[in-house]
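J.: coords below, sequence missing:
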């Protein structure tokens, strides 16, 4: 089956530090992200999973190489043009959630929505739909992040991330700060969004989270060390679980 | 073309929409900080607007009244016996003179009894109130019934002297007392303030006729001139002086609109300068404060800034949402400050009327409003934009990970600068208070020439006897011949201070070179110092006698706009008659008692006496009142600034170090210990800054005083700067800062250890 490439990165280089203390994260990394995929990036700590994801999303600049995102080489864009690019193309979900303090959930979502939509009512209506989709009740919309649970906050974070219907939704360890029940609820939202056709790139070291993806990429030694096609997520599909277990074991997890 | 114009507007509006939620959120989450910033800006706007309205309207009000009352541009006075028709023709023919009017008057030195509870010697010109005139009109602002013994007096005599319509006034002329009913108070722009060395008095026709008959030797003709717009006042005065000299006519006095204006608006100018300097300090403090607040906010909310960048906010949008609350608060506070200033402006104008001798009601001033609004808005925009500029450099991923790349806010630097600035204010206020209220001679010496206790005028030929008497009087510390007399020079008239020996003088008003020692020497005032360098010659004339003098130094005087000079008695006697005036300096303050005793026991020797001790005290009272108002304002503003600055710092500290406080509480620190610890953390910087500022005050305070006083002609001020007073102020300031810190740290008590840690 021919998949449409939404991000194509060639010969990526990234290092931190200088001189003798330089730490090379990757030196010649190539990767494609396909439209409609739920791509999961895995790897050991310090392998450069998040660094790669943030490079692909234009949040961070690689030291070398090209990243073509929906036809645009984003390595050539300056910071402000990258910001404008991100508002249209990317949505982000963070491990620490990072809703704006003391701002209620609805306003958090509107803050992102107004960047692409002039009509505040449109944004509100879309936010209400999305809040319903992620099971955040109406009486919570006017609460701030400190007044709700971590799971609710992260689901609100997802609403903020998708309010502008991004081309790709990026998630960095989205369940890393949540308990098991809240993690499940958040992952269900990702699955629902994926089923609706949302392209997702998620970094995780959690197998349960990784199982939600259909394509698993393993990073090691600054390269794509292995790749596994899990197929679409199905609840309690032991075959997929075993396939993932086997894959990551082979990768040296 | 239309599209090109419209497009940026639409984009701008859309950008505003994008940041409105964020802006409101920023405003909401740090209300206290914005309120404190707003208070500062409100205060700044309040003070600047007062200064600007005074600057625009006092001088304009002067000009307006000057025009309304058709005041002459130049007035000069000559003895009527020397006047003749040819002179009028000649004056009318001077190039630039557009209109000339002559008035009759009686010009004589008088002692005004009970002028602010004392006797006040004044050169006075009495006019006929009912004479028809087109120039030098007056406005009767208050009156009682006209009687056979009425006199109408200028507002200055009411405001400062304490005379009111319906009351009485006593003029003593050559020892003879004349009591008049005060028929009314006049607003006039010619001789309405004694700073010009001359005051007016107006009699109803019948009273005037009697008075002129009694003092026929003193009857004068006043020439009042209107000049065309392009003519130069100085040149015109020179020409007039020359014409009179050629004709051998004595010039008793000449004044012009600029000199009068400068004299009558002296305190106003001082106030404007002080207010503007004060506003500048407050503005600098508020800018540092907002800078600190913005930088702290960026550091505190680094991750959120990163998230905003991640979701597509450009640096400009984030900066705009950071700057916008300051702009909104700044503009609203400025408008409030301006509005509030109008509630006190009438009172300020009232205080100024005491010295200026004319009153007006300040009106709403759109130009002042625009200047204040634009200045403050631009300053806030510029500095908050620069402070927020750091946002440009934030990489979103680094920001989310908490990497700023640079070290931080400089709380201690802010505190140091603010403490230093506040100490400058306090030191200035303290020095002003000390030199006006505690050691008033310093202030009075700055504004005056000599400050004797008593001035005696001896009867002709009795000077030696008077001196012998004083020599034997144990109460007398010093006496010397000293008098103020009018003399003429080529450009007009000067007030000459004539003294037998200037080395005996108690007030050194010489700011360059030295006072005259020999009969051919002269020291000239700051008004003519540029024209007459030290070593040059100046010719002085009294009536038809002239002599040349060599300039040995420069002296200062805030009166007569610096048109003054010093001559030795020997020098003056070359052109004028011996003065019979003696300055007497006493050990104690008992001038009244001495005068009574001498007038009673030595009537044949004493022609007249002036209680100068009382007069100085009265003058002091006027300035003490104005200075006290300024000092109280400075103190209130200083305390307010300390309060607000420490509030901002403590707020920021509590929000940044919540966890640390939580840990302290968890391991057993009491609220009291934490409160004191927080308060104490500010003290070293405050103490060091205030002590350095106090010591530096020894250098900067004289510089500030020099600048301020030189604006009114007192090039050399006699202010003492006591380092001990400054150190005491520094100690008090530190203690107040500590107490305020303790009070403002109180919120720590209300937060439990658990909640602190949970955050």
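T.: Arrived safely, thanks for sending. Here the structure is a predicted model, which means the values were calculated and not measured.

J.: Count the residues that sit near whichever residue of chain A sits closest to chain B.
T.: Residue of chain A nearest chain B, by CB to the nearest CB: residue A:87 (2.2 Å). Any C-beta I mention is one placed from the backbone N, CA and C, and that applies to glycine too. Other residues lying near residue A:87 total 23 when counted by other CB atoms under 10 Å in any protein chain shown.

J.: Mind telling me what element it is part of?
T.: Secondary structure assignment for residue A:87, by DSSP states H and E: helix A:79-89.

J.: Moving C-terminal from that helix, which element do we reach first?
T.: Remark: after helix A:79-89, the chain's next helix or strand is strand A:90-93, criterion DSSP H and E.

J.: Contacts for that next one next, please.
T.: Contacts made with strand A:90-93 from outside it, assessed by CB atoms under 8 Å, 6 or more residues apart in numbering or on different chains, are listed as A:57-59, A:154, A:157-158, A:160-164, A:166-172, A:174, B:307, B:310-312.

J.: Give me the mean pLDDT for that strand.
T.: The pLDDT scores in strand A:90-93 average 93.

J.: Which residues are in contact with the residue in the stretch 501-650 of chain B positioned nearest to chain A?
T.: Of the stretch 501-650 of chain B, the residue with the smallest distance to chain A, taken as CB to the nearest CB, is residue B:648 at 18.3 Å. Applying CB under 8 Å, 6+ apart to residue B:648 gives the contacts B:33, B:36, B:289, B:292-293.

J.: most distant residue from the middle of chain A?
T.: Outermost residue of chain A with respect to the C-alpha centroid, by CA atoms, centre = their mean, is residue A:20; its distance is 33.0 Å.

J.: still on that earlier bit, inside strands: which ones of the contacts of strand A:90-93?
T.: A:168-172 (DSSP state E).

J.: What residues does chain A have near chain B?
T.: Remark: the part of chain A in contact with chain B comprises A:54, A:59-60, A:79-80, A:83-88, A:90-92, A:94, A:96, A:98, A:100-103, A:107, A:110-112, A:114-116, A:118, A:120, A:160-161, A:164, using CB under 8 Å from any CB of the partner chain.

J.: among the ones in strands among the contacts of strand A:90-93, who's most crowded?
T.: Ranked by neighbour count under the definition other CB under 10 Å, these are headed by residue A:170 with 29 neighbours.

J.: what's the spacing between whichever helix in chain B runs longest and its chain's center?
T.: Using DSSP state H, we find that the single longest helix of chain B is helix B:612-656. Relative to the mean C-alpha coordinate of its chain, helix B:612-656 is positioned 16 Å out (CA atoms, centre = their mean, to the nearest Å).

J.: what mean pLDDT would you report for it?
T.: Across helix B:612-656, the average pLDDT comes to 77.

J.: Can you tell me which residue is spatially central in chain B?
T.: The central residue of chain B, meaning the one whose C-alpha is nearest the mean C-alpha position (CA atoms, centre = their mean), is residue B:270 at 1.8 Å.

J.: related to what we said a few turns ago, and the residue of chain A closest to chain B, what does it touch?
T.: Counting by CB under 8 Å, 6+ apart, residue A:87 makes contact with A:112, A:115-116, A:164, B:311-313.

J.: picking that back up, among the contacts of residue B:648, which one sits closest to residue A:50?
T.: Taking CB to CB as the measure, residue A:50 lies nearest residue B:293 of these, at 32.3 Å.

J.: Looks like the closest one contacts residue B:37 (just checking).
T.: Yes - in terms of CB atoms under 8 Å, residue B:293 counts as a neighbour of residue B:37; the distance is 7.1 Å.

J.: Now residue B:75. Its backbone dihedrals?
T.: The phi and psi values for residue B:75, taken as degrees, to the nearest 10, are phi -120, psi 130.

J.: Quick check: buried residues in stretch A:201-214?
T.: When burial is assessed from 16 or more other CB atoms under 10 Å in any protein chain shown, stretch A:201-214 yields the following buried residues: A:201-206, A:209-214.

J.: Now do residue B:488 against residue A:80, distance only.
T.: In this view, residue B:488 and residue A:80 are 75 Å apart by CB to CB, to the nearest Å.

J.: Show me which of those two is the more surrounded one.
T.: The residue with more neighbours, out of residue B:488 and residue A:80 and counting by other CB under 10 Å, is residue B:488; that gives 24 against 15.

J.: quick check, that one in a strand?
T.: Yes - using DSSP: H, G, I helix; E, B strand; the rest coil, the secondary structure at residue B:488 is a strand.

J.: how far away is it from chain A?
T.: Spatial separation of residue B:488 from chain A under the definition CB to the nearest CB, to the nearest Å is 75 Å.

J.: So that residue is in contact with residue B:251, correct?
T.: Yes - Residue B:488 sits in contact with residue B:251 when judged by CB under 8 Å, with a separation of 4.9 Å.
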